[in-house]
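In: turn this into a model:
(chains A and B)
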Amino acid sequence: MSIRLRFAPSPTGRIHVGNVRTALMNWLFALRQGGQVLLRIDDTDIARSTKEYEQSIEDDLKWLGLPWHDRTNQSARFDVYEKAADKLKAAGLLYPCYETEDELDRRRKIAQATGKPPVYDRAALKLTDADRASLEAEGRKAHWRFKLSGARKDWVDLVRGPQSIDTASLSDPVLIREDGAFLYTLPSVVDDIDFKITHIVRGEDHVTNSGVQIEIFEALGGDVPAFGHFPLLVGADGGALSKRLGSLGVGELAAEGYEPMAVLSHLAKIGTSDPVEARLTIDQLAEEFAFEKIGRAPARFDPEELKRVNAAVVHQLGYDAVKDRLAALGADKGEAFWMAVRANLALLPDVKEYAQIVDGPITPVIADASFAAAAAELLPSGAYDAASWQAFTNAVKEKTGAKGKALFMPLRQALTGMDHGPEMAALFPLIGEERARKRLMGEAA
RNA sequence: GGGCCCUUCGUCUAUCGGUUAGGACGCCUGGUUUUCAACCAGGAAAGAGGGGUUCGACUCCCCUAGGGCCUGCCA
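Out: Numbering: from 1, shown residues only, chains lettered A, B, ... in the order given. This is a model prediction of the structure:
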């Protein structure tokens, strides 16, 4: 049996870190098993879904490097869902209800307040044909609920182990809204059957859904796939993911200069027994992926940790891999420049700071003007190479007697305006004699 | 209110009754770089609290505290 998974975002917004983690889990397992991933656009809610968001989802997945093998839109399959609904109705498993949302809401609140479970009482099941006719005559439209069996549904979860959901304690799920729109549940199951999905991998917020969905799979005569529910993300403080973080989009991460592999590495490793370390390829992440490694406690999403992982990725990026992006940042100063500065970057756009040092103008930091002036006198003339820095600093040392930090720090500060940065030997030839002289003399250059 | 899940170094975690409680990131120290950063090495650092069960508990059970999820005509 070939392995097939699916990623099913709803195009009602950009995909955020939580979505990416779900996508990633599916891709990694599929990759590892030699399976395929279906991109399913869950756009049953016509009013909230947009083509722009749909496009952004595809763009974001491409940016991340997660290519799908097949794709579909639920909005193109309403006739199929219609048939499935008919089948359930014929089996007496899908029944019309006429309560309004307000009524249901009120009942739920009363039930909660009196300590009773807020479960739908199935009043609509007792309606006679005549009752229904008069309700319809009043202009009421039915919404349709799936009749749960009341039995326990069991499965062995890929990450949580044996699970058992008591459907007797659940409300019969509404499958079709009053306005005729299909809710998430039925189309999802129908598609999982039609597209021969073998594994459903998603966040643990769907655990209860799985109990319900297993019944619908069975009612429709489909094969029940394997389920895996991983714990959700929480913020760095262990509390619920803040709104800002939870909605942190792929687009924003890309705009801030994060590397796709950093985002993927971080999201793949947090909450697992593997160390949170940078990986350079998705294949590598897939090789290391295993459901058994996923913990049962929520995974912490810490932007600071993501940044560290990002730095580790950037430090390993070759010039060819970043040339175009450097150019876009106005910081393509050649391979020597890139190799000199990359180890000092956390985020690629940080490179601009160092490009500035090479290009100028920067304001030199000079604590001892006479020392700097003396150094300026000793600047070699002509083109600089890898050996120039040592020749220069040796000359300054000889002349001034300064050595170690007292020698190097003032020179670094004068030449770069900063007290930290890449190896000066590599930077020096890129700065060149003219700028070096001006900066040592205290001029912005 | 009910259901499900979780709680080990600062962080993410390993341990499936007997371990010097291991690793990774961070931190500290050292090395390298005649400077800083980067890099490399070493080090410090942990079982929420309380009861049981047991010869023996991080591990099994119960309670308390704390956290996450579900309980929608959202997905």
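In: which parts of the stretch 101-250 of chain A sit against RNA strand B?
Out: Within the stretch 101-250 of chain A, the positions lying close to RNA strand B (C-beta under 7 Å from any atom of the strand) are A:101, A:104, A:108, A:112, A:115-120, A:143, A:160, A:163, A:166, A:169-171, A:173-174, A:177-179, A:183-185, A:204-209, A:231-232, A:234, A:238-240. No exception for glycine: its C-beta is placed from N, CA and C like everyone else's.
In: for A:Tyr327, give its distance to A:Ile200.
Out: Rather than Tyr, residue A:327 is Ala. For A:Ala327, the distance to A:Ile200 (C-beta to C-beta, to the nearest Å) stands at 43 Å.
In: again, but for A:His16
Out: Counting by C-beta to C-beta, the separation of A:His16 from A:Ile200 is 20 Å.
In: how far does stretch A:214-230 stretch from start to finish?
Out: Chord length of stretch A:214-230, first to last residue, is 18 Å (C-alpha to C-alpha, to the nearest Å).
In: average pLDDT for that stretch?
Out: The pLDDT scores in stretch A:214-230 average 94.
In: ok, now stretch A:43-62?
Out: 93.
In: and for stretch A:200-209?
Out: Stretch A:200-209 shows a mean pLDDT of 92.
In: chain center to it: distance?
Out: 17 Å (C-alpha atoms, centre = their mean, to the nearest Å).
In: mind listing what's buried in it?
Out: A:Ile200, A:Val201, A:Arg202, A:Gly203, A:Glu204, A:His206, A:Thr208, A:Asn209 (16 or more other C-beta atoms under 10 Å).
In: residues in contact with that stretch: which ones?
Out: Contacts with stretch A:200-209, where a contact means C-beta atoms under 8 Å, 6 or more residues apart in numbering, come from A:5-6, A:18, A:21-22, A:25-26, A:29, A:157-158, A:160, A:163, A:165, A:170, A:185, A:192, A:210, A:225-232.
In: same check, this time on stretch A:150-162
Out: By C-beta under 8 Å, 6+ apart, the residues outside stretch A:150-162 that reach it are A:163-168, A:199, A:201, A:204, A:207, A:210-211, A:214-215, A:224, A:226-230, A:291-292, A:294, A:296.
In: buried only: go through these for me.
Out: A:163, A:165, A:167, A:199, A:201, A:204, A:210-211, A:214-215, A:224, A:226-230, A:291, A:294.
In: just the residues you listed: which are in strands?
Out: If you go by DSSP state E, those have A:Gln163, A:Ile165, A:His199, A:Val201, A:Ala226, A:Phe227, A:Gly228, A:His229, A:Phe230 in strands.
In: how many neighbours does A:Arg77 have?
Out: 18 (other C-beta atoms under 10 Å).
In: residues touching it, list them.
Out: Listed by C-beta under 8 Å, 6+ apart, the contact partners of A:Arg77 are A:Pro187, A:Val190, A:Asp191.
In: show me where pLDDT drops low in the stretch 1-150 of chain A?
Out: The stretch 1-150 of chain A contains residues with pLDDT under 70 at A:1.
In: can you show me the strands along it?
Out: Per DSSP state E, counting those that start in this stretch, the stretch 1-150 of chain A carries strands over the ranges A:4-7, A:36-41, A:70-73, A:94-97, A:143-146.
In: just name the most buried of those strands.
Out: Counting by mean count of other C-beta atoms under 10 Å, strand A:4-7 has the highest mean neighbour count of the strands of the stretch 1-150 of chain A, with a mean of 25.
In: that strand and RNA strand B, are they touching?
Out: No - using C-beta under 7 Å from any atom of the strand, strand A:4-7 never reaches RNA strand B; the gap is at least 10.9 Å.
In: can you select the buried ones from the residues of the stretch 101-250 of chain A next to RNA strand B in ChimeraX?
Out: Entered in ChimeraX, the line below selects the buried ones among these, by 16+ other C-beta under 10 Å:
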select /A:104,108,120,143,160,163,170,171,173,174,177,178,183,184,185,204,206,208,209,231,232,234
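In: among the residues of the stretch 101-250 of chain A next to RNA strand B, which ones are in helices?
Out: Using DSSP state H, the members of these that fall in helices are A:Glu101, A:Leu104, A:Arg108, A:Gln112, A:Thr185, A:Val207, A:Thr208, A:Asn209.
In: can you tell me which of the residues you listed is closest to A:Phe428?
Out: Comparing those against A:Phe428 with C-beta to C-beta places A:Val207 closest, at 60.1 Å.
In: circling back to that earlier point, if you look at the contacts of A:Arg77, which of them are in helices?
Out: With DSSP H as the criterion, helices contain A:Pro187, A:Val190, A:Asp191 from among the contacts of A:Arg77.
In: show me which residues of the stretch 301-445 of chain A sit near RNA strand B.
Out: Proximity of the stretch 301-445 of chain A to RNA strand B, by C-beta under 7 Å from any atom of the strand, involves residues A:302, A:305, A:308, A:312, A:315, A:343-344, A:390, A:393-394, A:397, A:403-405, A:407-409, A:412, A:419-425.
In: ok, of those residues, which come out buried?
Out: A:302, A:308, A:312, A:344, A:393, A:397, A:407-408, A:412, A:421-422, A:424-425.
In: which ones among the residues of the stretch 301-445 of chain A next to RNA strand B are found in helices?
Out: A:305, A:308, A:312, A:390, A:393-394, A:397, A:405, A:407-409, A:412, A:424-425.
In: with distance to A:Thr363 and pLDDT as extra columns, can I get those in TSV?
Out: Listed next are these as TSV, based on distance: C-beta to C-beta, whole Å; pLDDT from 0 to 100:
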residue	distance to A:Thr363	pLDDT
A:Glu305	34	84
A:Arg308	30	87
A:Ala312	31	89
A:Gln390	26	88
A:Thr393	22	89
A:Asn394	27	87
A:Lys397	26	86
A:Lys405	22	85
A:Leu407	22	87
A:Phe408	19	90
A:Met409	17	89
A:Arg412	14	92
A:Met424	18	90
A:Ala425	23	89
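In: tell me, how many neighbours does the nearest residue to A:Glu377 once chain neighbours are set aside end up with?
Out: Nearest residue to A:Glu377 in three dimensions, chain neighbours excluded: A:Lys399, at 8.0 Å (C-beta to C-beta, 6 or more residues apart in numbering). For A:Lys399, the neighbour count with other C-beta under 10 Å is 13.
In: enumerate every residue touching A:Lys399.
Out: Counting by C-beta under 8 Å, 6+ apart, A:Lys399 has contacts A:Ala374, A:Glu377, A:Leu378.
In: just those now: which is nearest RNA strand B?
Out: Proximity of the contacts of A:Lys399 to RNA strand B (C-beta to the nearest atom of the strand) peaks at A:Leu378, which lies at 11.7 Å.
In: now the closest one, what are its backbone angles?
Out: Phi and psi for A:Leu378, reported as degrees, to the nearest 10, are phi -90, psi 0.
In: tell me the confidence at it?
Out: If you check A:Leu378, the pLDDT there is 87.
In: much appreciated, bye for now.
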